[in-house]
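Peer 1: Return atomic coordinates for the entry below.
(2 chains)
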There are 2 protein chains.
Amino acid sequence: MPEIRQSMATKEWVIIATERAKRPKDFISKKNSEASIPESDAKCPFCPGNEKLAPPATFEIMDGENWITRVVPNKFPALSPEGERKRKYDGIHRYMTGVGNHEVIIESRLHNRFISVMKKDEVLNIVKAYKNRYTELAKDERIEHIIIFKNHGAAAGTSLIHPHSQVVALPLVPQAIRSRLNTAMRYLDDNGTCVFCDMSVMEQKEKERIVYENDDFIAFCPYASLGPFHIWILPKRHMAQFSEINEPEMTSLADSLKIVLTKLSIGLNNPDYNLVVKCNPTDYIKSDFFHWYIAIVPRLTKTAGFELGTGMFINVSLPEENAEFLRSINI
Amino acid sequence: MPEIRQSMATKEWVIIATERAKRPKDFISKKNSEASIPESDAKCPFCPGNEKLAPPATFEIMDGENWITRVVPNKFPALSPEGERKRKYDGIHRYMTGVGNHEVIIESRLHNRFISVMKKDEVLNIVKAYKNRYTELAKDERIEHIIIFKNHGAAAGTSLIHPHSQVVALPLVPQAIRSRLNTAMRYLDDNGTCVFCDMSVMEQKEKERIVYENDDFIAFCPYASLGPFHIWILPKRHMAQFSEINEPEMTSLADSLKIVLTKLSIGLNNPDYNLVVKCNPTDYIKSDFFHWYIAIVPRLTKTAGFELGTGMFINVSLPEENAEFLRSINI
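Peer 2: Got it, this is the predicted structure:
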């Protein structure tokens, strides 16, 4: 019989198709691997030489005269960096001015230098850029929530190959985030502890869903994973804001990202994936109920009417098997 | 400047990219139209002659000795029809036995007879099947929520071409539905009315987002549409459960579905779409705050890290323009 598992953090239910679950190897991607992508592309807006195509950089890490990691405002931003945050009422309708920030983090000079083939120092530069932009954008009084994310591959919604992440700073707290915060608050009321801290302790004890672990982070396939090879990278220390990450933790995070994404790339032949840094709203500087984490969502299955209509997912794989498969890949 | 609109029904925010919005014609699908699909396929499990491949029918509409519309249990159900609904505790983990129902509604004998090319009577048979299965499955004491949906085309998550819908009866109320109910309840507390009824009155008055209207239903692109050509078909009469639909309303719904889906198919060259019937939990027999509706979600854009991380959407089109485009298509 299928099992309907409940996430302790979100209280969301997921149907785990235990009986007809696919094996980890069934999810190996059939597409060409990263090897076929060239080192540079004259038409790519993120390749060196095309810097003038984008607005001036907001953050750069340099190696002599060359940038290594570079952040620029998105040329076609989802939200406008200029203007006042204002609620408007138009009869029964409510809207808000679309102010905010939308930046692109160019992760490497090279068109084909994905995290899975980077050295750890190069990944550390990305983490530094994440921290800088999170910290800087959070200072804007109009901003209430910041999301950092990465779309890798066409199925993950990107048309640009050059390795990059994005940051969007929002003038509001999305409903889905509010609902997650409420669930975590209720857990604190019931248990006196942060549910994410408890989850970290539980996963370290049970071990069977761990993908990788170091001093500061634990990477695992959650008990109630929404799909095949969903992975959370969770800081062991309670941190409300991404900007609280310290120097040793930044190195540990670079290490975790590098190893987890390399395991995914080797194990499943460079699958398309989204990566998301989930944080508290920027105003919750010291929230004792919610702490940030990174979710990696490989795009191995398609969502359809069931997911759209219920917000629930059907996972056709076993988190424990997926974790074991990734754990056993040596790098 | 972009506009961040809030849905009055769900309180969810959506970024409407007012300035760089695409025009309706930019969303015309480039794929082959339905014309290239044959009338029958010997390998299709839903085509006449292959009835033995599926379990016995749970509902059939006959024309002499031939079935016209046919409902069968899913051969590979997401949930098991047999067994007891039971909560289980395994240490810190919580799960539930995966009991429920999962059926397939085969909409036509013909492999290529989509709603957009059906006569209204044929669509009425689908509506009858929806009502019968909703009513029957809701009688099961283990069931708390029923979702009826349809995946049309590969981008909408189906690999089977033969026109069909699905029904899943769940032993729980999904978190996303609970959150929607809470929002609607709060609206009732504030205003004393059902937000869906108020929305229907508002759209009938404002007119600019209407796609189609008849005596019993209004089809429109919601003010805070999550994406291009999102359409709601909303009953004008307050009905908590889909099973409350009466005979004249069934005919009106068939008429609405036929016309709206034909307009979409003609206007955008048979785009892939999901269709979902959103209802109250089955136990809420007389809920005065939430009433059922149908959402049609054409799969014209891809969701990526931003949507995954925030639950918010960026709509690169204007609901008012999309509605006008569909309204102007004569059938």
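
Peer 1: By mean pLDDT, which helix or strand of chain A comes out lowest?
Peer 2: strand A:87-90 (a mean of 91; mean pLDDT, DSSP states H and E).

Peer 1: quick one: strands adjacent to that one?
Peer 2: strand A:93-97 (antiparallel) (DSSP bridges).

Peer 1: Let me see the mean pLDDT of the partner strand.
Peer 2: For strand A:93-97, the mean per-residue pLDDT is 96.

Peer 1: Buried residues, stretch A:71-89. List them.
Peer 2: Of all the residues in stretch A:71-89, those buried under the rule 16 or more other C-beta atoms under 10 Å in any protein chain shown are A:Val71, A:Val72, A:Asn74, A:Pro77, A:Ala78, A:Leu79, A:Pro81, A:Arg85. C-beta here means a position set from N, CA and C on the backbone, and glycine is covered the same way.

Peer 1: One more: stretch A:39-57?
Peer 2: A:Asp41, A:Cys44, A:Pro45, A:Phe46, A:Cys47, A:Ala54.

Peer 1: Repeat that for stretch A:195-212.
Peer 2: Buried-residue list, stretch A:195-212, by 16+ other C-beta under 10 Å: A:Val195, A:Phe196, A:Cys197, A:Met199, A:Ser200, A:Met202, A:Glu203, A:Arg209, A:Ile210, A:Val211, A:Tyr212.

Peer 1: and which of these is nearest chain B?
Peer 2: A:Met202 (5.4 Å; C-beta to the nearest C-beta).

Peer 1: give the contact list for that closest one.
Peer 2: A:Met8, B:Ile92 (C-beta atoms under 8 Å, 6 or more residues apart in numbering or on different chains).

Peer 1: now A:Val14
Peer 2: A:Val14 neighbours (C-beta under 8 Å, 6+ apart): A:Ile4, A:Arg5, A:Gln6, A:Ser7, A:Ala224, A:Ser225, A:Leu226, A:Met312, A:Phe313, A:Ile314, A:Asn315.

Peer 1: Quickly find the element holding it.
Peer 2: Secondary-structure assignment from DSSP states H and E places A:Val14 in strand A:13-16.

Peer 1: again, but for A:Glu136
Peer 2: helix A:120-138.

Peer 1: Could I get the average pLDDT for that helix?
Peer 2: 98.

Peer 1: what's it packed up against?
Peer 2: On a contact count with 3 or more C-beta pairs under 8 Å, 6 or more residues apart in numbering or on different chains; DSSP states H and E, helix A:120-138 meets strand A:59-63, strand A:66-73, strand A:101-106, strand A:145-152, strand A:164-170, helix A:247-268.

Peer 1: contact partners of that helix?
Peer 2: In contact with helix A:120-138 (C-beta under 8 Å, 6+ apart) are residues A:58-59, A:61, A:68-69, A:71, A:101, A:103, A:105, A:107-108, A:113, A:115, A:143, A:146, A:148, A:165, A:167, A:169, A:241-243, A:245, A:250-251, A:253-255, A:257-258, A:277, A:279, A:282.

Peer 1: Now restrict those residues to buried residues only.
Peer 2: Counted by 16+ other C-beta under 10 Å, the contacts of helix A:120-138 give A:58-59, A:61, A:68-69, A:71, A:101, A:103, A:105, A:107-108, A:113, A:115, A:143, A:146, A:148, A:165, A:167, A:169, A:241-243, A:245, A:250-251, A:253-255, A:257-258, A:277, A:279, A:282 as buried.

Peer 1: residues from the stretch 201-331 of chain A in reach of chain B?
Peer 2: A:202, A:206, A:223, A:274-278, A:295, A:297, A:302-306, A:308-312, A:314 (C-beta under 8 Å from any C-beta of the partner chain).

Peer 1: what about A:Gly305, how many neighbours?
Peer 2: 26 (other C-beta atoms under 10 Å in any protein chain shown).

Peer 1: and the nearest residue to A:Leu181 once chain neighbours are set aside, how far is that from chain B?
Peer 2: Once flanking residues are discounted, A:Leu181 sits nearest to A:Phe290: 5.7 Å by C-beta to C-beta, 6 or more residues apart in numbering or on different chains. In this view, A:Phe290 and chain B are 14 Å apart by C-beta to the nearest C-beta, to the nearest Å.

Peer 1: where does A:Phe290 land in three-state SS?
Peer 2: coil (DSSP: H, G, I helix; E, B strand; the rest coil).
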